[in-house]
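> For reference, the sequence and a predicted model appear below.
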Amino acid sequence: QVQLVESGGGLVQTGGSLRLSCATSGRTFSSYFMAWFRQAPGKEREFVAAISGSGVRRIYADSMKGRITISRDNAKNTVYLQMNSLKPEDTAVYYCAADRQYSGRGADYDYWGQGTQVTVSS
C-alpha cells in the first residue's frame, strides 16, 4: 500500500510560481512511476507530468511543457512539481499518483493523493 499526501498549493497571481510536493509512504518509492494530474471544475482529469523511478525519464503534457519541472527525491520519498509562469487556466486541483508503470491515463494509476488546490488569479 502506498499513501500519497500533496502539499504546496495555494493562491498565486498570473505569472507566479508554485512548487507542489507529494510525500509518500512505503519502502519501495523508487520502484514507482510518479505522476501529476489536475482537474479543473467541470472538466475531466488531465495528465500533467510523470517521472520514472530513477528520475531519468520525464514526460510532460503539451499544455504545460516549458513551464513545469517534475523531479523526485528518493531519499525523501517525495516527488515535486515546480510550476512557473502560471495562468488562470492552470487553476485546478492537482493530484499525485503512483504506479509501477508509466501511463498518461489516470485510470491506470493504483494510488492517489487527496489533491491540493491551485488557484491562479488574473
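Alright, I've got the coordinates. Numbering: from 1, shown residues only.
> which residues are contacting stretch 28-44?
Here stretch 28-44 makes contact (CB atoms under 8 Å, 6 or more residues apart in numbering) with 2, 20, 22, 24, 45-54, 70, 72, 74, 77, 79, 81, 89-103, 106, 109, 115, 118. C-beta coordinates here come from the backbone N, C-alpha and C atoms, glycine included.
> at 6 Å instead, please
Residues from elsewhere that reach stretch 28-44 (CB atoms under 6 Å, 6 or more residues apart in numbering): 45-53, 74, 77, 79, 81, 92-99, 102, 106.
> beta partners of the most centrally placed residue in the chain?
The residue lying closest to the centre of the chain (CA atoms, centre = their mean) is Trp36, at 2.5 Å. Using DSSP bridges, the beta-bridge partners of Trp36 come out as Ala49, Cys96.
> confidence score at it?
pLDDT, the model's per-residue confidence, is 98 for Trp36.
> Tell me how far it lies from Ser122.
23 Å (CB to CB, to the nearest Å).
> Now, the contacts of stretch 28-44 that are in strands?
Under the assignment DSSP state E, those contribute 46-51, 79, 81, 92-99 to strands.
> who are the neighbours in contact with the closest residue to Gly16 other than its chain neighbours?
Leaving aside its sequence neighbours, Gly16 sits nearest to Leu86 (CB to CB, 6 or more residues apart in numbering; 5.3 Å). For Leu86, the contacting residues are Val12, Gly16, Val120, by CB under 6 Å, 6+ apart.
> give me that answer again for 10 Å
12-18, 64, 67-68, 118-121 (CB atoms under 10 Å, 6 or more residues apart in numbering).
> Could you tell me which of the residues you listed are located in strands?
Residues of these located in strands (DSSP E): Val12, Gln13, Leu18, Ile68, Val118, Thr119, Val120, Ser121.
> Mind listing the residues bridging to the fifth one?
Here Val118 sits in beta bridges with Gly10, Ala92, going by DSSP bridges.
> same thing with the third one?
Here Leu18 sits in beta bridges with Met83, as judged by DSSP bridges.
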